[in-house]
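Enquirer: whatever this is, show me its structure:
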Amino acid sequence: MPNMEKLRKDILSYSINDKATKDTIVNFYEKYKKIIEPHGAVGWAALQIYRDNYPENMNVKSITFETANPSKFPDEIISLIKITPEMPNSLKMIWDNKEFPNPKEIGNYQNFKNFLLEEFSKRGRISIVKYARNYKKIHKYVYNQILKLFKN
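Expert: Numbers count the residues shown, from 1 in each chain. Purely as a prediction, here's the structure:
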């Protein structure tokens, strides 16, 4: 189990409700003329809360990640900003594929760790390390946590 007290000193989290998510999609589009999807809107909304709570860190560079394409949520995006997001070819190719949801319930850290180890072991240990190294470019802390997860 990771040192949760140490993690809590380095990581903040915020809860973003549906209304705030929708408002963020609209506000982001109005301000930047870019469409973000609900997952990205949650990350962006949390970053704005952080900036409001810690104005002394306003100049710190920040990155938020989208986990999907806005076209995966056409009804939501259309209802909010009245624009149909264009679906990229990569999504068109898989749009009608059957989904294979995770059949396991993951309710604690150990179950999560076991699930990752089982899934990555199908790819082999080299893939685990290669996967972790890609994250090194994003953030050294994340990279170290991934490596620790697979070493323990």
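Enquirer: how is this structure partitioned into domains?
Expert: According to automatic domain parsing, the chain comprises the domains 11-98, 101-152.
Enquirer: ok, which of these comes nearest residue 2?
Expert: domain 101-152 (7.0 Å; C-beta to C-beta). From N, CA and C alone the C-beta is placed, and that goes for glycine too.
Enquirer: state the mean pLDDT of the closest one.
Expert: For domain 101-152, mean pLDDT rounds to 62.
Enquirer: can you check stretch 22-30 too?
Expert: 97.
Enquirer: what residues sit buried inside that stretch?
Expert: Of the residues in stretch 22-30, those buried under the neighbour-count criterion (16 or more other C-beta atoms under 10 Å) are 22, 24-25, 27-29.
Enquirer: what's next to it, contact-wise?
Expert: Here stretch 22-30 makes contact (C-beta atoms under 8 Å, 6 or more residues apart in numbering) with 16, 34-38, 41-42, 44-45, 48, 76-77, 80-81, 83.
Enquirer: top of those residues by neighbour count?
Expert: Within the contacts of stretch 22-30, residue 41 tops the neighbour count with 25 neighbours, counted by other C-beta atoms under 10 Å.
Enquirer: so what's residue 86 closest to, chain neighbours aside?
Expert: For residue 86, ignoring the flanking residues on the chain, the nearest one in space by C-beta to C-beta, 6 or more residues apart in numbering is residue 71 at 6.3 Å.
Enquirer: and residue 20, by the same measure?
Expert: With C-beta to C-beta, 6+ apart as the criterion, residue 20 has its nearest non-adjacent residue at 5.3 Å, and that residue is residue 45.
Enquirer: so the one you found sits right up against residue 18, yeah?
Expert: No - at 11.1 Å, residue 45 does not count as touching residue 18 under the criterion of C-beta atoms under 8 Å.
Enquirer: that'll do, ta.
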